[in-house]
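In: next come a sequence and a model predicted from it.
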Amino acid sequence: MAFEAAVGVGEVGVVVGAVVTPAVDQVVDKEVDVAVDVAGEAVPVEKGERRVIALNRLFLSARNVRKRRDPATIPALAAMIEAQGLLYPLCVVREKRKGVKGESFGVVAGGRRLAAMMWLVEQGRLAKDAPVECLFFGMERATAVSLVENVSQEPMHPADQLEAFKKHVDEGMTVGQIAVAFGVSVLTVKRRLKLANLAPMFIALFREDRIEQGQLQALALSDDQSQQVAVWESLSPYQRSPHYIKQALTAEEIRSDLPLVRFVGIDAYREAGGTVRADFFAEGSESFLQDGVLLNRLAQEKLESHAAAKREAGWKWTEWRLSFPYAEKSRFAHLHCEAAEPSKAEAAAIAAVEAELASLRSRMDDLDALNEYDEDTGEDREWTDAQRAESESLEHRWDELDGQRDALLAALRVWTPEQKAMAGVVVYIGDGGALVAAEGLVRAEDRKEMAAGSKEASGAGPGAPSFESMPKERAEFSSTLCQNLTAHRTAAVAAALTQSPKVALAALLHTVIAQEREPWQRSPIGVRFNSNASDIARCAAEFDQAPAAHTLEQAETWADHLPGDAARLFDRLKSMDVPQLLDLLARCVARSYSVQGPAPERSNGRGFDAALGIEQALGLDMGDWWSPTSGRYLEHVSKAKMIEAVTQACGAEAARPLEKMKKAEAVKSAEALLEGKRWLPSTLRPYADHAEAEAADNGAQD
């Protein structure tokens, strides 16, 4: 939020209290050598002669040395002039205006004020012949007068403006009165007063240009000056960014845009006695809920009521959870469920949601194009604040609609009593804050019983239970960094494959042609697909926050509408068109892809070449899918490796302070420095880089 200037640089502004101007009939009609000032003393004409001139006889002179003015500032200046009057008169010379009869005067100093009064005329808030107090000069003084006024004014420091607004409040003016008097919004006044009430040390630092406005805005989240100072002093100079200041002030609070808050609802939270801290400087209506215990209790009560309804519907077991990430979902097997044909109303509702999702995706793609590298100009384009706010709003709306679509499709599922008797439901909060019910889940301890039942019923036809997936039991989460990183790489490629059926088909054909596989059940096709879900969930640190997690979670619905019976499944597949089959194939290939291992593959064998070809075909850049957070990388490497990463990404000067820090402090500082730099460790860099490095090593050995 930039400070809206009360006056322009080099322009004479306004003061409180309207200036009383003489009547129009007091205009002096001819130039004289002297004039009489307000005190009755003679003033030489070269110092300016006071005249009152009708507004419609004034125009902007070409002799006015200021050639650029920001039109966006004119309405605010007009509001101040309307409320308070002019501080100084306009400086004019007698000048013929082309196409206008009668005497006219060119304004050589005060062009913005003239534009503001003309704007008031256009708005019907000022008469076109309103009297305007002016200082009249001879033509020979025009340029000098214009230059002196425009270069002699020193702009007010924003810190002085903050204190002036606070003084008005102390003198009894309301926020609304200040807004009207200075032609700004009520929100702008509240923002300035928020900053004016910061601890005096921050105002002093601001006046000395030793603290940035964004840092002030972050500190203003707290009204407690002692807390502001404590947070500032607790952070090292490298951590005093607005992000870390805000994080420190709201460490125990919950952002209003999080799914948990949207699920409960701020109104319900307030009705239960919860307090909210508003962020006046955030785009949109961001705020922080201060009672996390209350918020969680309200969410749990709401989830429990929905879980109880599922229990009454006949499921073997039900649970509620605040979240149900991909890693936890992969521990369950999923029963197939037939979907009923939607009614006209249901089909219309689904179509409406999907149409809006398509519209959102189109706009999101347009915005993404404004925030990427421009090949024509060779420049990295960045969003404006408004575009960034719009993107975040669209993301939130997408999450909401995605949840609605899932709920509409889930309502079409028809579960049999037999299925409910052997499976359960997890009720949780989705990404957009909507209630989600994951139905037909089979626990690990129930699988042996179900497998036996499936074997006994194998000759009974479609009555046998059918699974969407049956992940194998895996060991506990590996702590080795390479397993962690290659798991992220596997997930990123898998997510990209779900969106590129052509590449998925090429990868499959490569496997079929180049390698022989063990038979897959009774299929005559010698390819076996082993799901990568459990390995990714087990090894990829902080995977739930990774971009690939969301893409893969969406792709997990690939078999929702396929029949569980093998014969009917083949009939359904035969009825699909080629694009649908390719899309389904891409998801299957994605589930089987893996380059995960305890060390990055270095051989020049077929597997290495295939991975290289697949990633190049996908245009994969791991910088889009992974970032070096503390949990994913920095906590798992030595301080020397951290310094090496910061040096590569930010330069040696930025990395040098880390050498004297303790490990925990160095991790935080390195994470802040690497944020947004798209730095990658060697394990995640393109395979081509590995090949070049090996070639260089071989050349050195030769």
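Out: Yep, it's here.

In: give me the number of residues near residue 78?
Out: Neighbourhood size, residue 78 [other Cβ atoms under 10 Å]: 24. For the C-beta atoms, the positions are set from N, CA and C on the backbone; glycine is no exception.

In: what do you get for residue 71?
Out: 9.

In: for it, grab phi and psi.
Out: Main-chain dihedrals, residue 71, degrees, to the nearest 10: phi -60, psi -30.

In: how about it, what does it touch?
Out: Residue 71 makes contact with residue 115, according to Cβ atoms under 8 Å, 6 or more residues apart in numbering.

In: and it, how far from residue 122?
Out: According to Cβ to Cβ, to the nearest Å, residue 71 and residue 122 sit 12 Å apart.

In: what are the boundaries of the strands in the stretch 51-200 of the chain?
Out: Ranges of strands in the stretch 51-200 of the chain, per DSSP state E, counting those that start in this stretch, are 58-60, 90-94, 105-109, 131-137.

In: ah, wrong one, I meant the stretch 351-500 of the chain
Out: Along the stretch 351-500 of the chain, the stretches classed as strands by DSSP E, counting those that start in this stretch are 373-374, 379-380, 413-414, 424-429, 435-442, 467-469.

In: comparing the ones you listed by mean pLDDT, which bottoms out?
Out: When the strands of the stretch 351-500 of the chain are compared on average pLDDT, strand 467-469 comes out lowest at a mean of 48.

In: pLDDT weak spots in the stretch 601-702 of the chain?
Out: 601-609, 687-702 (pLDDT under 70).

In: repeat that with 50
Out: 601-608, 691, 693-702 (pLDDT under 50).

In: what are the boundaries of the strands in it?
Out: Using DSSP E, counting those that start in this stretch, strands in the stretch 601-702 of the chain do not occur.

In: in it, mark out all the helices, start to finish.
Out: When assigned using DSSP state H, counting those that start in this stretch, the helices of the stretch 601-702 of the chain occupy the ranges 606-618, 639-650, 652-655, 663-674, 687-701.

In: remind me what the fourth one packs against, helices and strands.
Out: Packed against helix 663-674, as judged by 3 or more Cβ pairs under 8 Å, 6 or more residues apart in numbering; DSSP states H and E, are the following elements: helix 639-650.

In: quick check: residue 401 touching residue 432?
Out: Yes: with contact defined as Cβ atoms under 8 Å, residue 401 counts as touching residue 432 (7.5 Å).

In: how about the nearest residue to residue 415, chain neighbours excluded?
Out: Counting by Cβ to Cβ, 6 or more residues apart in numbering, residue 415 lies nearest to residue 337, which is 5.7 Å off, once chain neighbours are set aside.

In: burial measure for the one you found, as a count.
Out: Residue 337: 21 surrounding residues under other Cβ under 10 Å.

In: cool, residue 396 as well?
Out: 17.

In: tell me if I'm right that it and residue 432 touch.
Out: Yes: between residue 396 and residue 432 there is a contact at 6.9 Å, judged by Cβ under 8 Å.

In: OK, contacts around residue 396?
Out: Residue 396 touches 257, 432, counting by Cβ under 8 Å, 6+ apart.

In: what sits against residue 162?
Out: Counted by Cβ under 8 Å, 6+ apart, residue 162 has contacts 192, 195, 196, 203.

In: from the residues you listed, which is closest to residue 222?
Out: residue 195 (12.4 Å; Cβ to Cβ).

In: quick check: that closest one touching residue 220?
Out: Yes: with contact defined as Cβ under 8 Å, residue 195 counts as touching residue 220 (5.6 Å).

In: of the strands of the stretch 51-200 of the chain, which approaches residue 83 most closely?
Out: strand 131-137 (16.5 Å).

In: and the closest one with strand 105-109, angle?
Out: 80 degrees (axes from the mean of the first three to the mean of the last three Cα atoms, to 10 degrees).

In: can you list the strands that strand 131-137 pairs with?
Out: strand 49-54 (antiparallel), strand 90-94 (parallel) (DSSP bridges).

In: and residue 195 and residue 220? Which one has more around it.
Out: Counted by other Cβ under 10 Å, residue 195 and residue 220 do not tie: residue 195 has more neighbours, with 26 against 22.

In: residue 437: neighbour count?
Out: Quick note: residue 437 (other Cβ under 10 Å) scores 22 neighbours.

In: go ahead and confirm it touches residue 430.
Out: No: between residue 437 and residue 430 no contact is recorded; they are 9.9 Å apart, counting by Cβ under 8 Å.

In: excluding chain neighbours, what is closest to residue 642?
Out: residue 670 (4.6 Å).

In: in this structure, where is pLDDT below threshold?
Out: In the chain (pLDDT under 50), the answer is 1-2, 4-45, 457-464, 469-479, 509, 512-526, 601-608, 691, 693-702.

In: can you tell me the centre-most residue of it?
Out: residue 392 (4.4 Å; Cα atoms, centre = their mean).

In: for residue 217, see how far away it is.
Out: In terms of Cβ to Cβ, residue 392 sits 17 Å off from residue 217.

In: then residue 332?
Out: Counting by Cβ to Cβ, the gap from residue 332 to residue 217 is 45 Å.

In: in what helix or strand does residue 293 lie?
Out: helix 292-312 (DSSP states H and E).

In: now what about that helix, what contacts it?
Out: Contacts of helix 292-312 with the rest of the structure, by Cβ under 8 Å, 6+ apart, involve 252-254, 260-261, 263-264, 268-269, 272-274, 289, 318-322, 425, 427-429, 435, 437, 439.

In: please save the CA atoms from that helix in CSV.
Out: C-alpha atoms of helix 292-312 as CSV (Å, rounded to 0.1, in the frame of the first residue of the first chain):
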residue,chain,number,x,y,z
GLY,A,292,-7.2,-21.8,17.8
VAL,A,293,-8.6,-24.0,20.5
LEU,A,294,-12.1,-22.7,19.9
LEU,A,295,-11.8,-23.0,16.2
ASN,A,296,-10.6,-26.6,16.4
ARG,A,297,-13.4,-27.5,18.8
LEU,A,298,-16.1,-26.0,16.4
ALA,A,299,-14.5,-27.9,13.5
GLN,A,300,-14.4,-31.2,15.4
GLU,A,301,-18.1,-30.8,16.5
LYS,A,302,-19.2,-30.2,12.9
LEU,A,303,-17.1,-33.1,11.6
GLU,A,304,-18.4,-35.4,14.3
SER,A,305,-22.0,-34.7,13.4
HIS,A,306,-21.3,-35.7,9.8
ALA,A,307,-19.4,-38.8,10.9
ALA,A,308,-22.3,-39.8,13.1
ALA,A,309,-24.6,-39.6,10.0
LYS,A,310,-22.3,-41.9,8.1
ARG,A,311,-22.4,-44.4,11.0
GLU,A,312,-26.1,-44.4,10.9
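
In: many thanks, have a good one.
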